[in-house]
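Chemist: need a structure here:
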Amino acid sequence: MQSNHNKSFWQNAIGGIGEFSLEERIFNTTCIFAFFAMLVEAPYNYIMDLKALAGLCCVCMVFIAGLYYLSKVRRKSSIAITLFCMASNVTFIYCYFYNSGILGPNVLLFALSFFITITIIPKTQYKFWVPVNIIVVLSVLTIEFFWPNLAPDLYLNSLAKTIDFAVTYLVSTVLIFMSIRYMRRNYEYERSSVEQRNREIEAQKDEILLQKGSLEYLNREKDRLLSIVAHDIRMPLSSIQGYLEILNSIGLDEEEKQLIEGQLLQITRDTSEMLMNLLSWSKTQLKGSNVQLKALDVNEALQGWLKIEHAIAVKKGIRLRMLTAGQLHVMADHDMLHLVIRNLVSNAIKFTPEGGEVIVSTRYRGTEGLIIISDNGIGITTEKQESLFLLNASATYGTNNEKGIGLGLLLCKEFTEKQQGNIWFESEFDKGSVFYVSLQLESF
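Modeler: Below is the predicted model:
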């Protein structure tokens, strides 16, 4: 809806499209033009020595102004239109018998009254006002035919008659022209509005179909994800239960104990990582995430974050190194970035064989700080690279059969972008991978 400040003078005069119906706007237009028509007719009739008609025109001006106020300001257009239809019939009957009957332009005025009436009244009222107009016209013609002295010829000469017809014709055609022009403009406006709405509906339909396909895909992946999680949670619990039953029933030598303990530790670690990622992902899907960007000393944070990963790397026979470019302060959410780095380093260790190397380094790049995790592991095949950051609920296995469900990298992408950063990678099968995380530097 347009504000009054942005509307044109004419729109303010007749009412805005979003506020007034088409019939109300046409009626307000008719009132305005009828008022100025009476303003012209009043002095004309006075000059033509038709003082009674001149007085009637003045009365009509006041009456029309009242109808306009009732419709435009008080918003009681139904009452105003009804009063207008009643008054127009009474007025034209008076004018007919006062102003020369059929010898004057009165039948033309009756036609104008009929046109205005059917333009402004609701369709439900056609069955009343159309017969009224026809009956009134036929009645006054019949009365004049039988009693011609009731409609005397008041024209002084042919010139006066010609001028009267010309003025009446001009007033009638102007009112008809403005009404039809306004209706056509509104028809074009309504048509263009409907076409625009149809285009918007089609666009919304396409968008809904895309969202539907995306939701169906996510639901399928979610079901697969929950199925894998349910299966993988049972496995470590069953293993722990079996180990405890063995300890409780039979004795084991030290080598056997260490072997079983190592297997259980790896299973428990994989399950813990899986549950941590799953809980983080579920939280972002259900509640969204509250990102708190603060200045973070990356090098100091990495020293604490990589302690557990360093122990895992040593146990697997992998060298984990950290190379820094001096102090690096970025705007980041501590917990989110911790999860991102932990997942990337854990994956690098997982897919690097014994004797390999994982390097975590930092450096500046313009207004950004880079965290780089590189390894010389098995790399990523071209087929898997295309869907690496998508929800891909399928089990993956590392070089020592470490298990994952493809959720960690999706979290890395989502959490990095929520921190106004970017993540990307380079990888070559059988040669290793390099993952890059860029974040905005701390502003001073």
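Chemist: only C-alpha atoms, please: export stretch 37-45 in CSV.
Modeler: Listed next in CSV are the C-alpha coordinates belonging to stretch 37-45 (Å, rounded to 0.1, in the frame of the first residue of the first chain):
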residue,chain,number,x,y,z
ALA,A,37,-20.0,20.4,-14.1
MET,A,38,-22.6,22.1,-11.8
LEU,A,39,-20.1,24.8,-11.2
VAL,A,40,-20.1,25.5,-14.9
GLU,A,41,-23.9,25.0,-15.4
ALA,A,42,-24.9,27.3,-12.6
PRO,A,43,-23.7,30.6,-14.1
TYR,A,44,-24.6,29.4,-17.6
ASN,A,45,-28.3,28.8,-16.6
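Chemist: off-centre distance for that stretch?
Modeler: A distance of 53 Å separates the centroid of the chain from that of stretch 37-45, by CA atoms, centre = their mean, to the nearest Å.
Chemist: what are the buried residues along it?
Modeler: For stretch 37-45, burial by neighbour count (16 or more other CB atoms under 10 Å) applies to A37, M38, E41, A42, N45. Just so you know, the C-beta spots here come from the backbone N, C-alpha and C atoms, and that holds for glycine as well.
Chemist: so what touches it?
Modeler: K51, L53, A54, C57, C58, C60, M61, I64, V167, V171, V174, L175 (CB atoms under 8 Å, 6 or more residues apart in numbering).
Chemist: the fifth one is in what secondary structure piece?
Modeler: C58 is located in helix 51-68, with elements delineated by DSSP states H and E.
Chemist: need the next SSE after that helix, C-terminal direction.
Modeler: Using DSSP H and E, the helix or strand that follows helix 51-68 in sequence is helix 77-98.
Chemist: and the contacts of stretch 37-45, which are buried?
Modeler: Here, 16+ other CB under 10 Å leaves L53, A54, C57, C58, C60, M61, I64, V167, V171, L175 buried among the contacts of stretch 37-45.
Chemist: okay, those residues in a markdown table with distance to Q241 next?
Modeler: Converted to a markdown table, the buried ones among the contacts of stretch 37-45 look like this (distance: CB to CB, whole Å):
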| residue | distance to Q241 |
| --- | --- |
| L53 | 110 |
| A54 | 110 |
| C57 | 105 |
| C58 | 105 |
| C60 | 100 |
| M61 | 100 |
| I64 | 95 |
| V167 | 107 |
| V171 | 101 |
| L175 | 95 |
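Chemist: could those residues be laid out in TSV, adding pLDDT and distance to T124?
Modeler: Listed next are those as TSV, based on pLDDT from 0 to 100; distance: CB to CB, whole Å:
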residue	pLDDT	distance to T124
L53	75	34
A54	83	37
C57	83	32
C58	89	34
C60	85	27
M61	89	30
I64	87	25
V167	78	35
V171	76	29
L175	74	24
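Chemist: what is the nearest of those residues to L150?
Modeler: Set against L150, the nearest of these by CB to CB is L53 (16.3 Å).
Chemist: quick check: the closest one touching N99?
Modeler: Yes - with contact defined as CB atoms under 8 Å, L53 reaches N99; the gap is 6.3 Å.
Chemist: in the chain, which helix or strand is least confident?
Modeler: strand 403-404 (a mean of 53; mean pLDDT, DSSP states H and E).
Chemist: helix or strand right after that one?
Modeler: Per DSSP H and E, the first helix or strand lying C-terminal to strand 403-404 is helix 408-418.
Chemist: what packs against the helix or strand following that following helix?
Modeler: Counting by DSSP H and E, the element after helix 408-418 in chain order, helix or strand, is strand 422-428. Counting contacts by 3 or more CB pairs under 8 Å, 6 or more residues apart in numbering; DSSP states H and E, strand 422-428 is packed against helix 408-418, strand 432-440.
Chemist: including mean pLDDT, mean neighbour count and distance to V90, could those go into a markdown table?
Modeler: Formatted as a markdown table, these follow (pLDDT from 0 to 100; neighbours: other CB atoms under 10 Å; distance: least, CB to CB, whole Å):
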| stretch | mean pLDDT | mean neighbour count | distance to V90 |
| --- | --- | --- | --- |
| helix 408-418 | 85 | 20 | 74 |
| strand 432-440 | 93 | 21 | 79 |
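Chemist: of the buried residues of stretch 37-45, which is the nearest to M331?
Modeler: A37 (71.2 Å).
Chemist: from I176, how far out is the closest one?
Modeler: 12 Å (CB to CB, to the nearest Å).
Chemist: what do you get for E245?
Modeler: From E245 to I176 the distance is 100 Å (CB to CB).
Chemist: related to what we said a few turns ago, determine which two of the buried residues of stretch 37-45 are furthest apart.
Modeler: Longest span within the buried residues of stretch 37-45, CB to CB: A37 and N45, 11.9 Å.
Chemist: where do the helices sit along the chain?
Modeler: Using DSSP state H, the helices of the chain run over 9-14, 22-47, 51-68, 77-98, 106-120, 126-146, 158-249, 254-287, 298-305, 307-316, 334-350, 382-385, 408-418.
Chemist: what comes into contact with the third one?
Modeler: Contact partners of helix 51-68, identified using CB under 8 Å, 6+ apart, comprise 28, 31-32, 34-35, 38-39, 41-43, 45-46, 80, 83-84, 87, 91, 94-95, 98-99.
Chemist: what's the angle from it to helix 22-47?
Modeler: Interaxial angle of helix 51-68 relative to helix 22-47 (axes from the mean of the first three to the mean of the last three CA atoms, to 10 degrees): 160 degrees.
Chemist: chain center to helix 51-68: distance?
Modeler: When distances are taken as CA atoms, centre = their mean, helix 51-68 is centred 51 Å away from the chain's centroid.
Chemist: cool, and the last one?
Modeler: When C-alpha coordinates are averaged (CA atoms, centre = their mean), helix 408-418 and its chain have centres 27 Å apart.
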